[in-house]
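Enquirer: This is a predicted model, with the sequence first.
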Amino acid sequence: MRVIDSHTEGEPTRVIVEGGPDLGDGSLRERIERFASDFDHVRRHVILEPRGSDALVGALLCEPTREDCAAGVLFFNNRGYLNMCGHGSIGVAVTLAHLGRIGRGVVKLETTVGVVAVELVDDNTVTVENVPSYRHAQGVPVEVSHVGRVTGDIAWGGNWFFLVNDAPCPLDLEHERELTGTALRIQKALRDQGITGADGSEIDHIEFFSTPRDAAANSRNFVLCPGGAYDRSPCGTGTSAKLACLAADGLLEPGEEWVQESVIGSRFRARYRRADDGSVIPSVTGRAFICAETTLVQQPGDPFADGIG
């Protein structure tokens, strides 16, 4: 299986470019369900140790159902399958450019939750126009074990987020374990108390905010992803969810730039436009860099051919 690895502002993406599973025809939603039911061993082989890591996000390129799309993309991680991935879309675009499949300008990618437009600004810089994003609920309290009451907003940015403005501690790598532990407790409390996104959807991303370190940024964040690893980038779907909340509060105007700083200090630049239904269409700009081109090997008798865990 041939893969290309990249990182988007520090967060890794592994794109399967050859030798992936044949998921047949149908919608991308049907294909990702087939991926999960019949080929989950491929996800584990690609993502889990000893070949991958908890922070790694995978992307399988496939034929789109729409003629106006350059590719279909199915995203997955150490826990399972993702609706959309902002940093991953940036990584996919830079990978496609590296392969010579796209050039400068705008192309469309089809995901399980809709079409996103990606603009290759230069060899490493990409702007993603994300799916429509919105705030589902404001100021939702949740009682969290060993923490107390935590209040946050619930928003959709391509994935479901619980956004907490009052971070439990400084947002830096020295406090990563405390931040991760608190976010995991919030995830569990949301599940246990039946607090969900629209239509009972699980809220599987937790996002904390604080004052940025860089004066050129508007905010600093820490995002815990569904598999328990923190996002090294500012998180594309998380930034989109943040824009939706800012727009709902009247704190950011359409077209006004928002610079989101990650827990490691990398940055996304973002803005939005209004959709006819009142949601926002975020545009997120970041950089990705190719790290490796490699072939994943599965030797007979390897006890961890399908990963560890």
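Expert: Done, it's in. Numbering: from 1, shown residues only.
Enquirer: hang on, residue 187 is in a helix, isn't it?
Expert: Yes - the assignment for residue 187, made by DSSP: H, G, I helix; E, B strand; the rest coil, places it in a helix.
Enquirer: How many neighbouring residues does the closest residue in space to residue 307 that isn't next to it in sequence have?
Expert: Ranked by CB to CB, 6 or more residues apart in numbering and with sequence neighbours excluded, the top spatial neighbour of residue 307 is residue 48, at 2.8 Å. Backbone N, C-alpha and C define where each C-beta goes, glycine included. Applying other CB atoms under 10 Å, we find 20 residues neighbouring residue 48.
Enquirer: begin at 119 from here
Expert: Fine by me, first position is 119 from now on; the one you just mentioned is residue 166.
Enquirer: all helices for the stretch 169-318 of the chain, in order.
Expert: For the stretch 169-318 of the chain, the helices defined by DSSP state H, counting those that start in this stretch occupy 204-216, 294-310.
Enquirer: Of those helices, which is nearest residue 261?
Expert: Set against residue 261 and scored by CB to CB, the helices of the stretch 169-318 of the chain come closest in helix 294-310, at 6.4 Å.
Enquirer: Show me what that closest one is packed against.
Expert: The contact analysis (3 or more CB pairs under 8 Å, 6 or more residues apart in numbering; DSSP states H and E) places helix 294-310 against strand 252-262, strand 266-274, strand 278-282, strand 323-328, strand 337-342.
Enquirer: and residue 385, which of those is closest to it?
Expert: Closest of the helices and strands packed on helix 294-310 to residue 385 is strand 337-342, at 9.7 Å (criterion: CB to CB).
Enquirer: How far away from the center of its chain is that closest one?
Expert: Centre-to-centre, strand 337-342 and its host chain are 13 Å apart (CA atoms, centre = their mean, to the nearest Å).
Enquirer: Could you list the domains of the protein?
Expert: Domains of the chain are assigned by automatic domain parsing as 120-248+408-413, 252-392.
Enquirer: Is it possible to get a markdown table of the ones you listed that adds mean pLDDT?
Expert: Shown next, in a markdown table, are these (pLDDT from 0 to 100):
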| stretch | mean pLDDT |
| --- | --- |
| domain 120-248+408-413 | 97 |
| domain 252-392 | 97 |
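Enquirer: Restrict the longest strand along the chain to CA atoms and write it as CSV.
Expert: The residue-count maximum for a strand in the chain (DSSP state E) belongs to strand 398-413. Presented in CSV, the C-alpha positions along strand 398-413 are these (Å, rounded to 0.1, in the frame of the first residue of the first chain):
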residue,chain,number,x,y,z
VAL,A,398,-21.7,30.3,8.0
ILE,A,399,-19.4,29.1,5.3
PRO,A,400,-15.9,29.2,6.8
SER,A,401,-12.7,29.5,4.8
VAL,A,402,-9.6,28.3,6.6
THR,A,403,-6.0,28.9,5.3
GLY,A,404,-3.0,26.9,6.5
ARG,A,405,0.2,25.2,5.4
ALA,A,406,1.1,21.6,4.8
PHE,A,407,4.4,20.0,4.0
ILE,A,408,5.2,16.6,2.6
CYS,A,409,7.1,14.4,5.0
ALA,A,410,7.4,11.0,3.4
GLU,A,411,6.5,8.8,0.5
THR,A,412,6.4,5.2,1.6
THR,A,413,5.0,1.7,1.1
